[in-house]
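Q: I need the structure of the sequence given here:
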Amino acid sequence: PVPFMRRIPLGLAVSLGKTTRVWRGFPIIYILMIFGIIPLLLLGLSSLFTQDSKGFTVLGSLLVVFIILVIIYIVYKWKRGGLK
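A: Now for the predicted structure:
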């Protein structure tokens, strides 16, 4: 393994540990979100593209663009120091 790549998962694990130390209910919410809600949302979003209707395909495309823009905005604000 490349040594600098070890810092990424270790840093994420440390931040998850610190968040758990501050709020004890965080692991339950984290597990529900990562293994429940987000996969269901992505499954529902992908099912929009398998429909025969063009309207659902357009809706799915708009939702994907919206989700990408929200992620870009959150990363931008986080890098600029606005989300601490």
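Q: Residue 28 sits in which helix or strand?
A: helix 26-32 (DSSP states H and E).
Q: what sits up against that helix?
A: 16, 19, 20 (CB atoms under 8 Å, 6 or more residues apart in numbering). Just so you know, the C-beta spots here come from the backbone N, C-alpha and C atoms, and that holds for glycine as well.
Q: May I see the residues you listed organised as TSV, with secondary structure and distance to residue 44 added?
A: As requested, the contacts of helix 26-32 are exported to TSV (DSSP: H, G, I helix; E, B strand; the rest coil; distance: CB to CB, whole Å):
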residue	secondary structure	distance to residue 44
16	helix	27
19	helix	28
20	helix	29
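Q: Can you name every helix or strand that the longest helix along the chain contacts?
A: The longest helix of the chain (DSSP state H) is helix 54-79. With contacts defined as 3 or more CB pairs under 8 Å, 6 or more residues apart in numbering; DSSP states H and E, the packing partners of helix 54-79 are helix 38-49.
Q: what's the average pLDDT for the helix it packs on?
A: Here helix 38-49 scores 88 as its mean pLDDT.
Q: between that helix and helix 54-79, how many degrees?
A: 140 degrees (axes from the mean of the first three to the mean of the last three CA atoms, to 10 degrees).
Q: Show me what helix 38-49 is packed up against.
A: helix 54-79.
Q: List the buried residues of the helix it packs on.
A: residue 60 (16 or more other CB atoms under 10 Å).
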